[in-house]
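Undergrad: Attaching a predicted model along with its sequence, questions to come.
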Amino acid sequence: MVDWMMKKAAVFVAIFIASAAFPSSAHSQLVRESTAPPEQQQNSAKAQTPAGKERASQEVQLTGEESWIDTGIDVQAGEHVLITATGKLRYADAKDDNGPDGLARGFRDLLRVLPFNEAGRGALIGRIGDKDTAQPFLIGARRDVLSPIAGRLSVGINQTNDDTGTGNYVVRIEVYSPEGGTVRVVAKQVSSLPGIDNGLFSKIPRRVGNKQGNPGDMVNFLILGSEATMQRAFNSAGWVKVDADVKGTVLHGLLESISKESYLTMPMSQLYLFGRPQDYGWAHAEPISVVRTRNHLRIWKAPFQVNGETLWVGAATHDIGFERDERNNGVTHKIDPDIDLERDYVEKTLMSTGLVAEISHFLPDNPLKEAKTATGGTFHSNGQVLILKLTDTGKDLSADFALNQFNQH
């Protein structure tokens, strides 16, 4: 069986190598450059100036030795941020200079892990919000960004800290208020939400368990919203749906290791709530270190609703290494014992999507504050459960942002 799987994997690898060596015209390079005459590009740029009143403008310079710089500009949700850039960089191993669109990624470059892997080395990139949770996006030579959240704007170069270029980019930033002057306010902090009370928590087990019924991770967040909006929120926040098929994982893992992407979809074990395994598993991780450390969570659809809304019940933990499995003396992942940090991480990443309408924290009666996992590890908490109410009204921002991301590469 293993030999068959490896042979099948070899076929997939061969196909992948061939496609990488002889790419189609549609995918021949990840970074596209405009071939229109300069006059046409200039007229197009003028025609595409965002509607609304210009609220702020600034010019910054980014040198090849800098990975990120703080622009000093705070952007509001729903504002357009028009960013244009000029200049050149040169990498020691590159044949030519490159501009803000970056270098096209060839086969030899597939294993290089960049802050934004879908763009070329040296491309101008940006992020809005907390540097630890905000998802980078491609800017290139010109980009009109519809911000899904409020936060500080930073710009950077798509390169690693130990592989910097020489030269600089001059970056022009213009912020335009929404037409009509109305700025969207999302992710409102509230003291309570209708239907979230001890009566509800009497129907939700405090912990999830393994198939044998041994208690494991703590239930530490709830989400109110449709299945489609829940999936959109996690996808927009950079979380990746985890594989459930171990056989498929072997093949997928080999291909992904060649195609430079960190293999976030490595399966997580099945845990049980409401008598069944998780409906979804989501993961966030630093590239390459996914086997050792990753942010991950499991989520179940509750068999009942709250005020007519779908309820999702989740348990989030952060793998930080390995430890002995006390059940069988094997090796298992060790979780960060301060699991509230992972609960807060879920909050920050989902807030960055513009799809969270209201945020609350609830302390149930007899809160769980200290316990052991099913594998024998310990954890502690202040006992609070995060409550996130999602909204479909933010989808115009998050969807437009995601679509604009796709159109850039």
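TA: Nice, I can see it. Numbers count the residues shown, from 1 in each chain.

Undergrad: Would you mind listing the residues in contact with Gly64?
TA: Taking Cβ atoms under 8 Å, 6 or more residues apart in numbering, we find Gly64 in contact with 89-90, 157, 164-168. C-betas here are computed from N, CA, C, even on glycine.

Undergrad: Tell me the bridge partners for Leu388.
TA: Ile223, Ile359 (DSSP bridges).

Undergrad: Put the buried members of the contacts of Gly64 into a PyMOL selection.
TA: Here is the PyMOL selection string for the buried members of the contacts of Gly64, based on 16 or more other Cβ atoms under 10 Å:
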select buried, resi 89+157+164+165+167+168
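
Undergrad: Please narrow the contacts of Gly64 to those residing in strands.
TA: 89-90, 157, 166-168 (DSSP state E).

Undergrad: wait, which of those is closest to Val219?
TA: Comparing these against Val219 with Cβ to Cβ places Ile157 closest, at 41.4 Å.

Undergrad: which residues sit in contact with that closest one?
TA: Ile157 neighbours (Cβ under 8 Å, 6+ apart): 62, 64, 66-67, 89, 122-125, 164-165, 169.

Undergrad: so how far is Thr166 from it?
TA: Distance of Ile157 to Thr166, computed by Cβ to Cβ, to the nearest Å: 11 Å.

Undergrad: now do Gly78
TA: On the measure of Cβ to Cβ, Gly78 and Thr166 end up 38 Å apart.

Undergrad: Could I get the pLDDT score of Asn43?
TA: Looking at Asn43, its pLDDT is 43.

Undergrad: follow-up on the earlier one: any idea which of the contacts of Gly64 is closest to Arg298?
TA: Each of these was scored against Arg298 by Cβ to Cβ, and Ile157 proved nearest at 36.4 Å.

Undergrad: ok, back up a step: need the residues touching each of Ile157 and Thr166.
TA: Contacts common to Ile157 and Thr166, judged by Cβ under 8 Å, 6+ apart, are 64, 89.

Undergrad: where do the helices sit along the chain?
TA: 2-21, 38-47, 198-201, 227-236, 246-258, 340-351, 395-407 (DSSP state H).

Undergrad: follow-up on the earlier one: a markdown table for the contacts of Ile157, including pLDDT and distance to Lys301?
TA: What follows is the contacts of Ile157, written out as a markdown table (pLDDT from 0 to 100; distance: Cβ to Cβ, whole Å):
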| residue | pLDDT | distance to Lys301 |
| --- | --- | --- |
| Leu62 | 96 | 45 |
| Gly64 | 95 | 49 |
| Glu66 | 91 | 45 |
| Ser67 | 90 | 40 |
| Leu89 | 97 | 48 |
| Gly122 | 96 | 44 |
| Ala123 | 96 | 39 |
| Leu124 | 97 | 41 |
| Ile125 | 97 | 36 |
| Thr164 | 93 | 47 |
| Gly165 | 94 | 48 |
| Tyr169 | 98 | 46 |
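
Undergrad: dump the residue contacts of the closest residue to Ile387 other than its chain neighbours.
TA: Leaving aside its chain neighbours, Ile387 sits nearest to Ser360 (4.4 Å; criterion: Cβ to Cβ, 6 or more residues apart in numbering). With contact taken as Cβ under 8 Å, 6+ apart, Ser360 is in contact with 189-193, 196, 386-387, 389.

Undergrad: try it again with 6 Å
TA: 190, 193, 387 (Cβ atoms under 6 Å, 6 or more residues apart in numbering).

Undergrad: Going through the residues you listed, which ones are buried?
TA: Counted by 16+ other Cβ under 10 Å, the contacts of Ser360 give 193, 387 as buried.

Undergrad: how about JSON lines for the contacts of Ser360, with distance to Leu368 and pLDDT added?
TA: As requested, the contacts of Ser360 are arranged in JSON lines below (distance: Cβ to Cβ, whole Å; pLDDT from 0 to 100):
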{"residue": "Val190", "distance to Leu368": "23", "pLDDT": "94"}
{"residue": "Leu193", "distance to Leu368": "20", "pLDDT": "96"}
{"residue": "Ile387", "distance to Leu368": "16", "pLDDT": "98"}
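
Undergrad: Can you pull out the low-pLDDT segments for this structure?
TA: 1-47, 107-108, 110-111, 180-186, 243-267, 285-294, 320-334, 374-375, 393-409 (pLDDT under 70).

Undergrad: And the protein, what are its domain boundaries?
TA: Following automatic domain parsing, the chain resolves into domains at 52-180, 188-390.

Undergrad: on that earlier part again, can I get the contacts of Ile157 in CSV with distance to Pro337?
TA: Putting these into CSV (distance: Cβ to Cβ, whole Å) gives the following:
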residue, distance to Pro337
Leu62, 40
Gly64, 41
Glu66, 36
Ser67, 32
Leu89, 43
Gly122, 41
Ala123, 39
Leu124, 40
Ile125, 35
Thr164, 37
Gly165, 41
Tyr169, 43
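
Undergrad: tally of neighbours for the nearest residue to Leu390 once chain neighbours are set aside?
TA: Nearest non-adjacent residue to Leu390, counting by Cβ to Cβ, 6+ apart: Gly225, 3.1 Å away. By other Cβ atoms under 10 Å, 22 other residues sit near Gly225.

Undergrad: so Gly225 touches Thr391, yeah?
TA: No: at 7.5 Å, Gly225 does not count as touching Thr391 under the criterion of Cβ atoms under 6 Å.

Undergrad: List the residues that are in contact with both of the two.
TA: By Cβ under 6 Å, 6+ apart, no residue touches both Gly225 and Thr391.

Undergrad: Near the closest residue in space to Gln278 that isn't next to it in sequence, how many other residues are there?
TA: For Gln278, ignoring the flanking residues on the chain, the nearest one in space by Cβ to Cβ, 6+ apart is Arg298 at 3.8 Å. Neighbour count of Arg298, defined by other Cβ under 10 Å: 26.
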